[in-house]
Structure formats: C-alpha cells, structure tokens
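> predicted coordinates and the sequence they were generated for:
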Amino acid sequence: MNVFSYKQGERLAEAFSRWGVEYLFIGKSGAIFYGFPETTQDADIFPAKNSANGQKLISALRELGYDLTPNLEYDLKVGKDFVQLRGGPFDLDLVFAPDGIETFAEAQSRSLLIDGKFPVASLDDIIASKRAANRQKDRESLPRLEAFRDYLRSRNLAALPTNPSKP
Amino acid sequence: MKAEFNKRQEWEREFDAAARRSLQERMEYSFIYTYKPVLDDAKFRSFATMAEYKEWCRKNLPQYLGYW
C-alpha cells in the first residue's frame, strides 16, 4: 500500500526542485491542493515533455526510490504521453499530454504555487482536462469540482488557506 | 430543482468544513488506497498516446473502475 500524503508531496517537490524538473500537479490530486474535499488514490503529475526534462525526471524519481528499468527510462526521456508508476514510494501517474490542455507552457502560465512549494495547474485547466478526458469517473466528479471552483470565486479566493487559524 | 439546490448547499457546507482544515489535514483525508484490479498489477505501464491509453483501459479494465 503506497498512499500519497503531504509528506510524500514535500519529498516529491523537494526532489523535483533539486533536479529542476518542470512539472505541475494536475487531476483530482491537483484539485485537492486547492482544498477540494474529495478522495483519490494517486498523484497525477504533468511534466513538460522534452528530453532534457525527461532526464531530470528520471534522476528525481530515482532519488525518490522508484526502481526504473532501462525501458521505462527510455519512455520517460522520449516523453510517452502517459506513464503509470506503481510499486514505488507512492503511486504516480505521469501525464505528458493531458486531454484538454494545449501546451505545458500555457498551463504553467496559469498555474498556482500552493503552500510555497507545490506547483499546481489551474482549476480551470484541471476541469478542462477532466471534461476532455470524459471518463465515467471524470463525468461523476465534474459537477462538484465546478461547484468548488464557483465557491472559491464567490469568496475571491485562489485556493483555500493552507493553514487556517483555529477558532 | 430543489434537490439540486440542496445538493449544492450540502457541497458548500463541505467546502466550508474543508476551509477550516490545514492542507496537511485535507491531504491525509483525501488520499486513500483501494486495490484496483489489473491497473495495480504492473510495476509500470507507458503509452505512446492518450488514445492508446484509453483503448487499453477499454479493453482491459472493468467498467466499474470508471476509466472509460
């Protein structure tokens, strides 16, 4: 059982930052960083798709404890559209070409750095990606996710506070 | 119409409750593990295109997992 957690997120962010990986959290895991109260099972990462970033990603994943085979390293370097990792410190989906998002650079320009260390695709991009993917689980989660985006907007918030003061 | 309004209100109450928790607490509640047949049975998988990935999901994953 390899469950993602805040601590694991910190480890990932530190390793990715150390190796200079260009990436964003995306998917429902990305929405959770904004405060979306929902459950999910793995972390989704949108890495920039180029061989230099692929090489950095390989180094960072090795540091995190993923056992990368030569075939997998090749796939990460050439930037296959989708790579699913299981059996490492936590389950990770690497989505190099998410549905509904034109380019990494555009998504990055709209992204938000949450808690000073977690780069996350915008909620609009996360929603657009889920709408374009149109899987059953996306269709089920979209109305609530859109309601959450509206909730933040109605309160002029980019995201829920990361450390709210206790009453 | 009323049911939709009630659902929206219930969601807003959940968002309000989430707003009172720290990011760390929210993440502890949000990430869970449930074994997913087939999907979790390989150490890694890679797909050249998203279309190839979706086709693999349709051919290999049980529908109840929601991947197609």
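Right, received. Where do you want to start? Worth saying up front: this structure is predicted, and the values here are computed from it rather than measured. Residues are numbered from 1 along each chain as shown, chains lettered A, B, ... in the order given.

> C-alpha from now on. contacts and neighbour counts both.
OK.

> what are the ranges of the strands in chain B?
Here chain B has its strands, by DSSP state E, at B:44-47.

> next: chain A.
Going by DSSP E, chain A shows strands at A:23-26, A:43-47, A:82-85, A:92-95, A:112-114, A:118-120.

> out of those strands, flag the one nearest chain B.
With Cα to the nearest Cα as the criterion, chain B lies closest to strand A:82-85 of those, at 4.2 Å.

> average pLDDT for the closest one?
For strand A:82-85, mean pLDDT is 96.

> just to revisit the earlier point, list just the one of the strands of chain A that sits closest to residue A:57.
Ranking the strands of chain A by proximity to residue A:57 (Cα to Cα) places strand A:43-47 first, at 8.2 Å.

> residue B:11: how many residues sit nearby?
Neighbourhood size, residue B:11 [other Cα atoms under 10 Å in any protein chain shown]: 18.

> does it touch residue A:146 like I think?
No - applying Cα atoms under 8 Å as the test, residue B:11 and residue A:146 come out as separate, 10.9 Å apart.

> for residue A:35, see how far away residue A:163 is.
11 Å (Cα to Cα, to the nearest Å).

> give the residues shared as contacts by those two.
residue B:23 (Cα atoms under 8 Å, 6 or more residues apart in numbering or on different chains).

> and those two? Which one has more around it.
Neighbours per residue (other Cα under 10 Å) separate residue A:163 from residue A:35, with residue A:35 holding more: 24 against 14.

> can you give me every residue that contacts the more buried one?
Counting by Cα under 8 Å, 6+ apart, residue A:35 touches A:159, A:160, A:161, B:15, B:18, B:19, B:23, B:26.

> redo that, cut-off 6 Å
residue A:160 (Cα atoms under 6 Å, 6 or more residues apart in numbering or on different chains).

> skipping adjacent residues, who's closest to residue A:29 in space?
Spatial nearest neighbour of residue A:29, excluding adjacent residues (Cα to Cα, 6 or more residues apart in numbering or on different chains): residue A:43 at 5.4 Å.
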